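*Asks:* Turn this into a model:
(one chain, ligands or ions: 1)
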Amino acid sequence: MTALLAAESITAGYGDSRAVSEVSLAVERGEVLALVGANGAGKSTLLRVLAGAHRPTAGRVHLRGEDVTDVRDFERSRRGVCLVPEGRRLFASLTVRENLEVGAGSRRAGRWSVDTVVEALPILGPLLDRNASQLSGGQQQAVAIGRGLMTNPDVLLLDEVSLGLAPIVIDELYASLAGVWGGGLGIVLVEQDLERTLAVADRIVCMLEGHAVLEGTPTSLTREQITDAYFGHEVASW
Ligand code: ATP
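*Replies:* Okay, the predicted model is just below:
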């Protein structure tokens, strides 16, 4: 079966330094694939390669079987791959509704509109007319994800969803995200919080120093295997 989005032996870096080494992974429609690993493991770089925002030095990216390695981020977004980057990056002077509508700019056909985004992320409902600068971090993150959904993606790449948020806010955000997980998208999630990752992911890929060192489902992997891969006590075999 052709994967929705597949990375094949991706190597990428910055100048002479390698951030990602020969990583292969695939995400299917309706699947949440989580990338876990310590700071600097290469997760954000890999997401940016998947989104077309960073050019790999080797390897290929396929979208629905088509080679999109040389397709840039704006065009890849039109073809259904959306990156929600770390740090949220909203337009502070615009309202929540206006920020969501920015995401509709490329207008792929699909089910997402301001109304369906609010259905999926109910915490946005009462905030639509509020200025983005007045929102809490968790609310801003929900808007950033909603803006991504407005592009009608097939694949959503979520970087550091809970970065800098208080635990109670993360709980609220994840409760709200339940309406997104079930929506038939392929999702690649980078999340520091391992417990939360295990709760929502269908499959996990652990990265260590640029390499994918362990892959499996939350039920097939032991906590010990994951923490070993995470901290590099030993490199687990596939
Ligand atoms: P974090 O959780 O800290 O974001 P990560 O797993 O997402 O970590 P990356 O951000 O992909 O990892 O970083 C991988 C490596 O690439 C690190 O050594 C990092 O210092 C380096 N790196 C990341 N961005 C740049 C950049 N713009 N220029 C140079 N080196 C970079």
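*Asks:* What parts of the chain come near the ligand?
*Replies:* Within the chain, the residues that sit near the ligand (Cβ under 6 Å from any ligand atom) are Tyr14, Ala19, Gly37, Asn39, Gly40, Ala41, Gly42, Lys43, Ser44, Thr45. C-beta here means a position set from N, CA and C on the backbone, and glycine is covered the same way.
*Asks:* Among those residues, which pair sits farthest apart?
*Replies:* Tyr14 and Gly37 (17.4 Å; Cβ to Cβ).
*Asks:* out of the two, which sits in the more crowded spot?
*Replies:* The neighbour count for Tyr14 versus Gly37, taken as other Cβ atoms under 10 Å, is higher for Gly37 (25 against 9).
*Asks:* Could you list the buried residues of the longest helix along the chain?
*Replies:* Looking across the chain with DSSP state H, the single longest helix is helix 167-181. Neighbour counts over helix 167-181 (16 or more other Cβ atoms under 10 Å) mark Val169, Ile170, Glu172, Leu173, Tyr174, Ser176, Leu177, Gly179, Val180, Trp181 as buried.
*Asks:* Which of the residues you listed sits closest to the ligand?
*Replies:* Ile170 (16.0 Å; Cβ to the nearest ligand atom).
*Asks:* Tell me how far the closest one lies from Val155.
*Replies:* Distance of Ile170 to Val155, computed by Cβ to Cβ, to the nearest Å: 23 Å.
*Asks:* what does Gly103 give?
*Replies:* In terms of Cβ to Cβ, Gly103 sits 15 Å off from Val155.
*Asks:* Please apply the same query to Arg78.
*Replies:* Distance from Arg78 to Val155, by Cβ to Cβ: 13 Å.
*Asks:* which one of these two has more residues nearby?
*Replies:* Per other Cβ under 10 Å, whichever of Arg78 and Val155 has more neighbours is Val155, with 23 against 15.
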